[in-house]
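Enquirer: Here is my input, please return the structure:
(one chain, ligands or ions: 1)
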Amino acid sequence: MTETESALAPAPSRPDVHLIPGRDKRLRLGHPWVYSNEIRMGSAERALPPGGVVRLIASDGACLGAATFNPHTLIAGRRLTLEGGAAIDAGFFAKHLRRALALRTRLYDRPFYRLIHAEADGLPALVVDRFGDVVVVQANAAGMDRLLPELTAALDTVLKPAAVVLRNDSPMRALEGLPEEVRLLKGCLEGPVRVEENGAVFFADPLGGQKTGWYFDQRDNRAFVAGLARGARVLDLYTYHGGFAIQALVAGAERAVAVDSSAQALAQAACAAEANGVATRCEFRKADVFVELERLGVAGERYDIVIADPPPFARAKKDVAAASRAYRKLTRMAARVTGKGGVLLVASCSHNIDPGTFTDVVAAGLSDAQRFGRIIRQSGASPDHPLHPLLPESAYLKAVVVHLD
Ligand code: SAH
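Expert: All right, here's what the predicted structure looks like:
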């Protein structure tokens, strides 16, 4: 069906879900979510299939749009459109893909980026990363999971990718009662794919790598660090595929030590170092970061730039206190190996730690190390990870960069 045909098709019949009186204010302001305790939840609603499309009806009878609905989750409704009767088909997805693509092509001159970042791109709970003509798709809620056929049809219209990888293995899926699944939806993949970023080349494995294969969110922070790197000795902790270290070396760093506990991640980093002609200046170490930092600290090693970009320490709200202690300790230990006049970047991708708290934790870690200096950058993810204005808490990535005396 073409987009024009779908626009002319009769309005689809879909169940109505009613909001409790007084619980429609956020939706009317444009918020994309409805919580389960905001819905008149009777046996009919509970029996609806998880992820089906419904109409949202306010207590005054007004239709507030169409949403995917999961009666079993706290975020029960995820609004797709303000029009209750709009077709949610390949045409709907194509419209959103085209808008997202127009933004990314304005931002970047090479086709390597996050193409869809969920609610902010109008497609709740959906992630699409683009590696040239390979795209990686992740559906993190039951609604998007059911709509994957419509999405893949739209991808074929808008992007015509050679391969589409389904990376449905995020921990968020379990909350929605969804199984884990990683497979090719289209085409074939022979080994890792190329990623070009800030003038350097990397290799990512969309099927076997972490997340979707590459952390696009750190692009601007890598560029910022690279801009300070001329002549520097760099320590890149939690390097993954070498993003920070290799970009710093390409920008003129003298040498870099890159640490990660994953041999697989380091193997791709080593390939990237070769491809960028910096392998002789880069050393990769398979180690636990805290163990390595202790060793380097005792040995009196000092670096001009230190990057600490760990995996999320707080995966749930209950982990926040322990995670804060871990970030503080990481900052203290990383500051110890940062030389005088050096620059330290500490990052957190824990959703549950807000930017203000994170800056406080970094400050506490610096005090613990008796190191003083100034914050020269506080940033989040790159703009291919946009924010829905009413979901500021979805700004999961924080990076604090300090210049140390
Ligand atoms: N800085 C990277 C992304 C880091 S993701 C980039 O710019 O792309 C987090 C990385 O930490 C992963 O590669 C993971 O393998 C590694 N990791 C997790 N726990 C670790 C530990 N205890 N010690 C060292 N590396 C660890």
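Enquirer: is any part of stretch 312-328 close to the ligand?
Expert: No - for stretch 312-328, no contact with the ligand is found by C-beta under 6 Å from any ligand atom; the gap never falls below 8.8 Å. Placement of C-beta: from N, CA and C, glycine included.
Enquirer: who touches that stretch?
Expert: When contacts are taken as C-beta atoms under 8 Å, 6 or more residues apart in numbering, the neighbours of stretch 312-328 outside the stretch itself are 171, 310, 346, 348-353, 357-358, 361-362, 364-365, 368.
Enquirer: Now a ChimeraX select for only the buried ones of those.
Expert: Selecting only the buried entries of the contacts of stretch 312-328 in ChimeraX, with 16 or more other C-beta atoms under 10 Å as the criterion:
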select :310,346,348,349,350,351,352,353,357,358,361,362,364,365
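Enquirer: Of the contacts of stretch 312-328, which belong to helices?
Expert: Those of the contacts of stretch 312-328 mapping onto helices are 357-358, 361-362, 364-365, 368, per DSSP state H.
Enquirer: Of the contacts of stretch 312-328, which ones also sit close to the ligand?
Expert: Here is what survives when the contacts of stretch 312-328 are matched to the ligand using C-beta under 6 Å from any ligand atom: residue 310.
Enquirer: what's the residue lying farthest from the centre of the chain sitting at in phi/psi?
Expert: Among the C-alpha atoms of the chain, the one most distant from their mean position (C-alpha atoms, centre = their mean) is that of residue 60, at 38.0 Å. The phi/psi pair for residue 60 (degrees, to the nearest 10) reads phi -90, psi 10.
Enquirer: Excluding chain neighbours, what is closest to the residue of the stretch 301-405 of the chain at minimum distance from the ligand?
Expert: Across the stretch 301-405 of the chain, the shortest distance to the ligand (C-beta to the nearest ligand atom) belongs to residue 309, at 3.6 Å. Of all residues not flanking residue 309 in the chain, residue 347 sits nearest, at 4.2 Å (C-beta to C-beta, 6 or more residues apart in numbering).
Enquirer: ok, the one you found - contacts?
Expert: Contacts here follow C-beta under 8 Å, 6+ apart; on that basis residue 347 touches 218, 221, 307-310, 397-400.
Enquirer: Filter those residues down to just the ones in strands.
Expert: 307-308, 398-400 (DSSP state E).
Enquirer: now stretch 242-255: how far from the chain's centre is it?
Expert: Between the mean C-alpha point of stretch 242-255 and the mean C-alpha point of its chain there is a distance of 23 Å (C-alpha atoms, centre = their mean, to the nearest Å).
Enquirer: So for that stretch, what gets flagged as buried?
Expert: With the criterion 16+ other C-beta under 10 Å, stretch 242-255 contains buried residues 242-251, 253, 255.
Enquirer: Let me know how buried residue 179 is, in neighbour terms.
Expert: The number of residues packed around residue 179, counting by other C-beta atoms under 10 Å, is 9.
Enquirer: any idea how far the ligand is from it?
Expert: From residue 179 over to the ligand the distance is 24 Å, taken as C-beta to the nearest ligand atom, to the nearest Å.
Enquirer: got it, and residue 76?
Expert: As it turns out, when the distance is counted by C-beta to the nearest ligand atom, residue 76 lies 32 Å from the ligand.
Enquirer: How confident was the prediction at that residue?
Expert: Residue 76 carries a pLDDT score of 98 in this model.
Enquirer: before we move on, what SS does it have?
Expert: strand (DSSP: H, G, I helix; E, B strand; the rest coil).
Enquirer: Let me see the contact set for it.
Expert: Taking C-beta under 8 Å, 6+ apart as the definition, contacts of residue 76 comprise 34-36, 38-39, 41, 69-70.
Enquirer: which of those residues sit farthest apart?
Expert: 38 and 70 (13.7 Å; C-beta to C-beta).
Enquirer: Between those two, which has more neighbouring residues?
Expert: residue 70 (25 against 19).
Enquirer: Check what pLDDT that one gets.
Expert: Reading off the confidence values, residue 70 has pLDDT 97.
Enquirer: go on, the one 3 residues further on?
Expert: The per-residue pLDDT reported for residue 73 equals 96.
Enquirer: Give me the three-state assignment for residue 196.
Expert: Here residue 196 is recorded as strand under three-state DSSP.
Enquirer: residues contacting it?
Expert: Applying C-beta under 8 Å, 6+ apart, we find residue 196 in contact with 110, 112, 202.
Enquirer: Is it possible to mark the buried ones in those residues?
Expert: By neighbour count, with 16+ other C-beta under 10 Å, the contacts of residue 196 hold 112, 202 as buried.
Enquirer: and of the contacts of residue 196, the nearest to the ligand?
Expert: residue 202 (8.6 Å).
Enquirer: Surely the closest one and residue 194 touch.
Expert: Yes - shown here, residue 202 and residue 194 form a contact pair, counting by C-beta atoms under 8 Å, at 7.4 Å.
Enquirer: Kindly check the end-to-end length of stretch 32-40 for me.
Expert: Here the two ends of stretch 32-40 are set 18 Å apart, with distance taken as C-alpha to C-alpha, to the nearest Å.
Enquirer: any residues touching it, and which ones?
Expert: 17-20, 23-24, 26-27, 45, 56, 67, 71, 73-79, 119, 124, 388, 390-391.
Enquirer: And that stretch, what's buried?
Expert: Residues of stretch 32-40 classed as buried: 32-34, 36, 38-39 (neighbour count, 16+ other C-beta under 10 Å).
Enquirer: will you turn those residues into TSV that also has distance to residue 325 and pLDDT?
Expert: Conversion of the buried residues of stretch 32-40 to TSV gives the following (distance: C-beta to C-beta, whole Å; pLDDT from 0 to 100):
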residue	distance to residue 325	pLDDT
32	34	98
33	31	98
34	36	98
36	33	97
38	35	97
39	38	97
